Each structure stands twice: as structure tokens, then as C-alpha cells.
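[1] Just a sequence and a predicted model for now, questions to come.
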Amino acid sequence: MEYSRVFILKDGRSCTVRNGTEEDAPAVLANYIATHDQTDYLGVYTDEITLSLEQEKAYLERKRESTSDAALVAEVGGLIAGTAGIDRITAAEKARHRVSFGISIDRDWWGIGIGRALTEACIECARKAGYVQMELEVVADNERALRLYRSAGFIEYGRNPRGFRTRQGRWQENVLMRLELD
């Protein structure tokens, strides 16, 4: 799905949210690995990431050509600060109206509006693709993300007290959220 929009961040800089391309693959993969190393709120550990550069290139190209999914990057001053995307939950008729949403931002870029820009961009893409419900899961302790999602209109519809299990054996509760797009 083709997408490009410039957002003005809290510090006055411009942030271009656009499709990731094959040329972006090295920076996108590096960002993906870095963000997963910086927080315990994401769904996989860094050593579980096995994507090759060629797989990342193919993934970004597939998403760009898709009419139902998107893989977006937030670019500030030529640097990839974060990524986000939407993915159809299923092609089955009963649930094809639903899309999942995910986001990750490099810690160096937290707090200046990149999360909001990526969230708004994904909502726009989901509407463009004709979805009527957008869904996400977020670790309950991730208060910043919860504030962002609530301010964008997402509502909580459930909790999974054993959503994630850390390597230290601790449970992380996941909050299930949705946004009606129609």
C-alpha cells in the first residue's frame, strides 16, 4: 500500500512517514533489532530475530505492493527512527474486516511525536484498505503506549494476564485494544 505524509514533531522537525523500500532494508532491520534490544515490551527477544537482509527487502516490497497491509518507516533527517505496520488478521470472510497494528520506535527518538505520527499513518492506511476494526496488544506496564493508543481512540476490550512470559519467569499482562474505523 503506497503511503507518504510529512508530520511536524514536537521539537519542530519534520518526520516523513512512508513505505519502507528495499533500499531501506538495512536501516529497517537494524532499527528492528535495536528497538527489541531497548525494551522488554516487544514480543520477541533480539536473539530470536532471524531475518536476513534479503528477507527484509522482500518483506518491505510485498507490503508496499499490498492493498491490505503496510510496512511504514518514520524518517527524520535521513534516519529511520521507527517502524509500524498493519497486517490483515485473516482473509476469512467473517473476520476480514479486522487488522492488527504494531509499532516500535528507537529509544533515542521517544517522546517527540513519532509514535503519534506512525499511529495516525497506520489508521489512515487501515481506513484506505477498507478495514472497520484495528486491533493491538500492549504490555500493561507500558503506560506511554497506553496513553498514546487511548488518545488515538483505541479502547480496551480485555486483558491477558499471561500474555508474555519473560526469560526471568515473570508474567507480563497484555492489554487488548481496538479502534472502530467506521
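    Structure received. Numbers count the residues shown, from 1 in each chain.

[2] Need the three-state assignment for R147.
    Classification of R147 using DSSP: H, G, I helix; E, B strand; the rest coil returns helix.

[3] I'd like to know how far it sits from E48.
    Separation of R147 from E48 (Cβ to Cβ, to the nearest Å) stands at 28 Å. For the C-beta atoms, the positions are set from N, CA and C on the backbone; glycine is no exception.

[4] Which of the two has more residues huddled nearby?
    Neighbour tally, R147 and E48, criterion other Cβ atoms under 10 Å: the higher count belongs to R147, 11 against 8.

[5] so what's that one up against?
    The contact partners of R147, by Cβ atoms under 8 Å, 6 or more residues apart in numbering, come to none.

[6] Could you report the pLDDT at it?
    Note for R147: predicted pLDDT of 98.

[7] Next: N160.
    We have a pLDDT of 98 for N160.

[8] okay, now it: neighbour count?
    If we define neighbours as other Cβ under 10 Å, then N160 has 14 of them.

[9] ok, now V17?
    25.

[10] Against G158, how distant is it?
    29 Å.

[11] Same check on K10?
    Counting by Cβ to Cβ, the gap from K10 to G158 is 32 Å.

[12] from what I can see L181 touches V132, true?
    Yes - using Cβ atoms under 8 Å, L181 is in contact with V132, at 5.2 Å.

[13] Neighbour count for the two, which is higher?
    Using other Cβ under 10 Å, the more surrounded residue of L181 and V132 is L181, with 17 against 14.

[14] show me the contacts for the more buried one.
    I123, A126, R127, Y131, V132, Q133, M134.

[15] Can you check the pLDDT for it?
    pLDDT, L181: 98.

[16] How about T35?
    Note on T35: pLDDT of 97.

[17] And for Q133?
    At Q133, pLDDT is 98.

[18] So it is in contact with E180, correct?
    Yes - counting by Cβ under 8 Å, E180 is a contact partner of Q133 at 5.9 Å.

[19] between those two, which one's more packed in?
    Q133 (15 against 10).

[20] Am I right that R178 is in a helix?
    No - according to three-state DSSP, R178 belongs to no helix; its state is strand.

[21] State the pLDDT value of the most centrally placed residue in the chain.
    Per Cα atoms, centre = their mean, the C-alpha nearest to the average position across the chain is that of I103, at 2.1 Å. Note for I103: predicted pLDDT of 97.

[22] how about the strands in the protein?
    4-8, 14-19, 70-76, 79-88, 98-105, 133-139, 155-165, 171-180 (DSSP state E).

[23] Buried deepest among those, which one?
    A comparison of those by mean neighbour count, using mean count of other Cβ atoms under 10 Å, puts strand 70-76 on top with a mean of 24.

[24] Check which helices and strands it sits against.
    strand 14-19, helix 25-38, helix 53-65, strand 79-88, helix 114-128 (3 or more Cβ pairs under 8 Å, 6 or more residues apart in numbering; DSSP states H and E).

[25] Many thanks, we can stop here.
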